[in-house]
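Trainee: Everything below, folded, please.
(one chain, ligands or ions: 1)
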Amino acid sequence: MHRIQQRSRFRRKLLAWYKTSQRILPWRQTHDPYAIVVSELMLQQTQVERVIEKYQAWMKRFPTVRSLAGAPRADVIAQWQGLGYNRRALYLHRIAKTIVSDFGCVFPQTVDELVQLPGIGRYTAAAVVSFAYSAHEPIVETNVKRVVGRIFLGYKALLHAPEERLWRVAHELLPRDRRSYHFNQALMDFGALVCTAKRPRCEICPMQSICASYPDILRARPEQLRVKKPVYEKQYFGHPRRIWRGKILAYLHSPNAKHGATESAIGKAIQNDFSAQRLPWLRSVIFTLVSDGFVQYKGKRVVLFKT
Ligand code: SF4
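Mentor: Residues are numbered from 1 along each chain as shown. Model (predicted):
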């Protein structure tokens with residue numbers, strides 16, 4: 001099939017599928033760039049299902065960029081609890097302060113300006129200009145990479161495809177009119193619901209006739225379907241360090257640690273079998289929270305950083 005023909009059939013099929021199968025997500029009910037940035041940062045490392053409730057609670061607590069900018073850091077972190085990777089909450093707080101102080105509360109409208117903000121990379125910036133301003137901008141996140149790669153390159157070539165190539169293909173696929181907003185949303189939904197990572201649902205897929213991976217992909221080995229390399233995280237007492245960081249912050253936000261806590265009180269709160277030999281390790285974890293601006297030492301007590 002000719003390349004141009006394949007692309008226009010793909011666009012048509014995708015948008016038709018999206019009309020009947022799209023996900024209803026709260027951040028799609030708005031074009032407010034602040035709300036889009038909140039949802040995108042939450043979605044960076046957390047599953048959609050977990051984000052929905054947290055997003056709604058966040059927007060209730062901090063409905064505008066100004067309300068977030070003016071909130072104490074400890075409240076921002078407390079509101080983030082349960083999403084993990086707390087650094088993202090600090091990024092959001094810093095973004096809000098910058099937008100209020102340097103941009104008069106108005107988010108920039110270009111990818112180049114948005115990527116200057118903390119925690120915003122190329123994908124997030126593209127998502128903001130596409131979803132908030134309906135700009136003609138491709139977005140390439142994990143789902144999109146997989147869909148575009150499998151259909152236009154083939155699942156084997158996708159394993160070695162440079163990121164830049166996928167951005168190029170996504171750009172060429174983008175409709176030239178205002179449908180690009182829906183097209184980008186549709187690509188993500190299609191990757192989340194049909195062309196899924198481990199078990200693509202080829203049997204019900206409307207792309208079979210134009211897909212470079214079909215039907216060979218049905219015989220693929222699991223490692224041939226893995227676009228994202230598994231990230232190895234060093235374990236400490238059964239969990240990676242980020243989990244212990246989260247547990248420490250959750251404890252310091254609890255009523256039991258209203259006035260902070262000593263290192264050993266923290267150790268006992270987060271581990272049933274905590275002993276004094278683990279204090280150097282615990283201190284090293286607390287230091288990472290100090291250097292990220294989450295907590296500080298007041299004498300021998302560790303307290304939440306308040307600004
Ligand atoms: S046919 Fe299979 S591999 Fe191709 S797009 Fe559909 S689900 Fe993905």
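Trainee: per-residue pLDDT, the most centrally placed residue in the chain?
Mentor: Nearest to the mean C-alpha position of the chain, counting by Cα atoms, centre = their mean, stands Gln44 at 0.9 Å. Gln44 carries a pLDDT score of 89 in this model.
Trainee: Next: the one 3 residues further on.
Mentor: The confidence metric pLDDT takes the value 91 at Gln47.
Trainee: For the spatially closest residue to the residue nearest to the centre of the chain that is not a sequence neighbour, give its distance to Gln22.
Mentor: With sequence-adjacent residues excluded and distances taken as Cβ to Cβ, 6 or more residues apart in numbering, Gln44 is closest to Arg88, at 6.4 Å. For every residue, glycine as well, the C-beta is placed using N, CA and C. Look at Arg88 and Gln22: by Cβ to Cβ, to the nearest Å, they are 26 Å apart.
Trainee: Pull up the residues of the chain that are close to the ligand.
Mentor: 150-151, 194-195, 200-202, 205, 207-208, 211, 213-214, 217 (Cβ under 6 Å from any ligand atom).
Trainee: Between all of these, which two are at the greatest distance?
Mentor: Ile151 and Arg201 (13.9 Å; Cβ to Cβ).
Trainee: picking up where we left off before, please tabulate the residues of the chain next to the ligand in TSV, including the columns pLDDT.
Mentor: Output for the residues of the chain next to the ligand, formatted as TSV (pLDDT from 0 to 100):
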residue	pLDDT
Arg150	97
Ile151	97
Val194	98
Cys195	98
Pro200	97
Arg201	97
Cys202	98
Cys205	98
Met207	97
Gln208	97
Cys211	97
Ser213	97
Tyr214	97
Ile217	97
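Trainee: are any of those buried, and which?
Mentor: Buried by 16 or more other Cβ atoms under 10 Å: 150-151, 194-195, 200, 202, 205, 207, 211, 213-214, 217, out of the residues of the chain next to the ligand.
Trainee: ok, and for the longest helix belonging to the chain, which residues are buried?
Mentor: Ranked by residue count, the top helix of the chain under DSSP state H comes out as helix 3-21. Counting neighbours by 16+ other Cβ under 10 Å, one finds that the buried residues in helix 3-21 are 6-7, 10, 13-14, 17-18.
Trainee: From Phe10, how far out is Gln271?
Mentor: Taken as Cβ to Cβ, the span from Gln271 to Phe10 is 52 Å.
Trainee: Please report the number of neighbouring residues for Phe103.
Mentor: By other Cβ atoms under 10 Å, 13 other residues sit near Phe103.
Trainee: That one and Thr30: what is the separation?
Mentor: Distance of Phe103 to Thr30, given as Cβ to Cβ: 19 Å.
Trainee: how about the residue lying closest to Trp17 once chain neighbours are set aside, what does it touch?
Mentor: Of all residues not flanking Trp17 in the chain, Pro206 sits nearest, at 5.5 Å (Cβ to Cβ, 6+ apart). By Cβ atoms under 8 Å, 6 or more residues apart in numbering, the residues touching Pro206 are 13, 16-17.
Trainee: With pLDDT added, can I get those in a markdown table?
Mentor: Compiled in a markdown table, the contacts of Pro206 are given as follows (pLDDT from 0 to 100):
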| residue | pLDDT |
| --- | --- |
| Lys13 | 97 |
| Ala16 | 97 |
| Trp17 | 98 |
